[in-house]
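[1] I'll drop the sequence and a predicted model, then ask my questions.
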Amino acid sequence: MKLLFIRHGDPDYEKDSLTEKGWHEAELLGQRMANTPVTAFYVSPLGRAKDTASKTLQKVGRDATELAWLREFHAPIPDFHTGEPRIAWDQLPADWTAEPKYYDKTRWSETLPMLQGHVIDEAKRVWNGLDEILTQHGYEPFTVQFSQTKRRWRFSATLVSPVSC
């Protein structure tokens, strides 16, 4: 199985679409993907992601399944200094590097900011969405420890090549 995660083209956040450059990038992506064998296309509900995927989908005459969990990770945490909501990965290195739990693959979500932002819940939402796609493509569970959640997949003999745009 081969999964391709493709980030949207240059965004116009105000319009939730693409800039002129982003539309050009989407067109180039469509040209590149036109001859790539793809089992399934998945897309975020955000306009910039759908716009990026649209050029490829037009070229190959296909549709994409829209999945809410593919949207941007939404779990704001309080800023270390101001307390204002902030994107979890947008903290200053001097702040998060002082906490040893951030370096621990099983304890990173136990820090106060991560608990306050319900980050593990958002992570589980995404992990569960990916689990669902794998199940739909014939993969069976087996146990592997991944962070605080056990991920379980046993790979079947049938391989598929979904692409996520």
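    Now that the structure is in, tell me what you want to look at.

[2] Give me the distance between the most centrally placed residue in the chain and Thr56.
    In the chain, the centroid-proximal residue (C-alpha atoms, centre = their mean) is Leu70; its distance is 5.0 Å. To Thr56, Leu70 is 15 Å away according to C-beta to C-beta, to the nearest Å. Glycine gets a C-beta too; all of them are placed from N, C-alpha and C.

[3] Residue ranges in this structure under the pLDDT threshold?
    Across the chain, residues meeting the criterion (pLDDT under 70) sit at 141-165.

[4] sorry, back to before: which non-adjacent residue is nearest the residue nearest to the centre of the chain?
    Leaving aside its chain neighbours, Leu70 sits nearest to Ser44 (3.9 Å; criterion: C-beta to C-beta, 6 or more residues apart in numbering).

[5] same deal with Leu92?
    When the adjacent residues along the chain are set aside, Leu92 lies closest to Phe80, with 7.3 Å between them (C-beta to C-beta, 6+ apart).

[6] What is the burial count for the one you found?
    For Phe80, the neighbour count with other C-beta atoms under 10 Å is 16.

[7] One more: Asp90?
    Asp90 has 9 nearby residues by other C-beta under 10 Å.

[8] Also Arg62?
    So Arg62, with other C-beta under 10 Å, has 12 neighbours.

[9] That one: which element?
    Assigned by DSSP states H and E, Arg62 falls within no helix or strand.

[10] these two touch, right, it and Val43?
    No: look at Arg62 against Val43 with C-beta atoms under 8 Å: they stay out of range, at 11.1 Å.

[11] Now the phi/psi pair for Val43, please.
    The phi/psi pair for Val43 (degrees, to the nearest 10) reads phi -140, psi 150.

[12] Burial check on the residue nearest to Leu70, number of neighbours?
    When neighbours are counted by other C-beta under 10 Å, Ser44 registers 21.

[13] all helices of the protein, in order?
    For the chain, applying DSSP state H gives helices covering 20-33, 47-60, 93-96, 112-116, 119-136.

[14] Pull the residues that contact the second one.
    Contacts of helix 47-60 from elsewhere in the structure, counted by C-beta atoms under 8 Å, 6 or more residues apart in numbering, are 6-9, 11-13, 15-18, 22-23, 25-27, 29-31, 33-34, 38, 41, 43-44, 63-64, 66, 70-71, 165.

[15] Return the distance of it from the chain's centre.
    Relative to its chain's centre, helix 47-60 lies at 17 Å (C-alpha atoms, centre = their mean, to the nearest Å).
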